[in-house]
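*Asks:* Could you look at this predicted model? Sequence included:
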Amino acid sequence: MDNKGGYGPLFLALFLFLCFSFFLSVDSQCDREPTIFVFGDSNSDTGGYEAGTGLITKPPNGMTFFHHPVGRFCDGRLNISKHGGQNFWVHNSGPLGCLPMKLAITSKNTSDLDQYGCLQSLNGGAKAFNEKLHLMCDQLRVELKNATIIYVDMFTIRYDLIANATKYGFENPLMACCGYGGQPYNTHPRITCGKPGYNRCEDPSKYISWDGVHYTEAANIITAEKILSTIYCTPSAKFNFFCKKSSG
């Protein structure tokens, strides 16, 4: 289901988790594609909300990769192309206080901004939620002996993009590529990307935020690479581990 605010209240972030059910390997060890079930918001929805509601995404969504809107709130691809399920990847909440939309609409003072311009209060709330989520994953591993539950630290991955934007080739890390208002956030709650009056940056690959809530394809590519590295996963496990686990 899509969440119009992207992340919404912290307790809803539980639904950001990704449930991966792998029947065979994702590499040459397998003779067919894996099956992936995803439960998340619009950061991981590849078109289900649009198909279910008939609310169509409009240009410039999809401009970078598909070259036309395909139900994704992004200029291109997402992190994924975010009962029976045995293998689970649980993604924690990202840095809410760094989202341009949150920065644009939240009353704030300079004392609440960290060194990168993010709202410490919102990021603190996300961290508090993530601590509980991490603990829950630990508890579930004890209760569900036959399940593999991987906790993925999306907060650290996303925050790193903001903190080290220049290293990754990004400009204006807290500014949306597609939105309204210009500096510093180019985000307006009513004039969103694709609505009359919006503006768009020349090169989305230079931006972390696509529309103030969702990320650009460039940011999603880096995020996916970091997830696959397993450095930010607890416990650490490659995708072929899921294959062997499921097929055994």
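*Replies:* Here it is on my side, so go on.
*Asks:* Now do the contacts for the nearest residue to residue 182 once chain neighbours are set aside.
*Replies:* Leaving aside its chain neighbours, residue 182 sits nearest to residue 199 (7.5 Å; criterion: Cβ to Cβ, 6 or more residues apart in numbering). Every residue, glycine included, has its C-beta placed from N, CA and C. Counting by Cβ atoms under 8 Å, 6 or more residues apart in numbering, residue 199 touches 178-180, 182, 186.
*Asks:* Among those, pick out the one closest to residue 61, please.
*Replies:* The shortest approach to residue 61 among those belongs to residue 178, at 8.1 Å (Cβ to Cβ).
*Asks:* Please report the number of neighbouring residues for the closest one.
*Replies:* Around residue 178 sit 28 other residues, with neighbours defined as other Cβ atoms under 10 Å.
*Asks:* Could you pull up the residues touching it?
*Replies:* With Cβ under 8 Å, 6+ apart, residue 178 has these contacts: 60, 75, 193-194, 198-201, 204, 210-211.
*Asks:* What's opposite it in the beta bridge?
*Replies:* residue 200 (DSSP bridges).
*Asks:* ok, it to residue 106 distance?
*Replies:* 20 Å (Cβ to Cβ, to the nearest Å).
*Asks:* one step back: list just the nearest of the contacts of residue 199 to residue 166.
*Replies:* Out of the contacts of residue 199, the member with the shortest distance to residue 166 (by Cβ to Cβ) is residue 186, at 19.0 Å.
*Asks:* Could you double-check that the closest one lies in contact with residue 174?
*Replies:* No. Using Cβ atoms under 8 Å as the test, residue 186 is too far from residue 174 to be in contact (9.6 Å).
*Asks:* so where's the protein uncertain?
*Replies:* 1-40, 79-81, 83-85, 238-248 (pLDDT under 70).
*Asks:* rerun that using 80 as the cut-off
*Replies:* For the chain, the stretches flagged by pLDDT under 80 are 1-46, 48-49, 51-52, 79-86, 237-248.
*Asks:* and the residue most central in space within it, which of the three is it?
*Replies:* The centre of the chain sits closest to residue 43, judged by Cα atoms, centre = their mean, with a distance of 4.7 Å. With DSSP: H, G, I helix; E, B strand; the rest coil as the basis, residue 43 sits in coil.
*Asks:* Now it: closest residue in space that isn't a chain neighbour?
*Replies:* Take residue 43 and drop its neighbours on the chain: the residue closest to it by Cβ to Cβ, 6+ apart is residue 82, 5.0 Å away.
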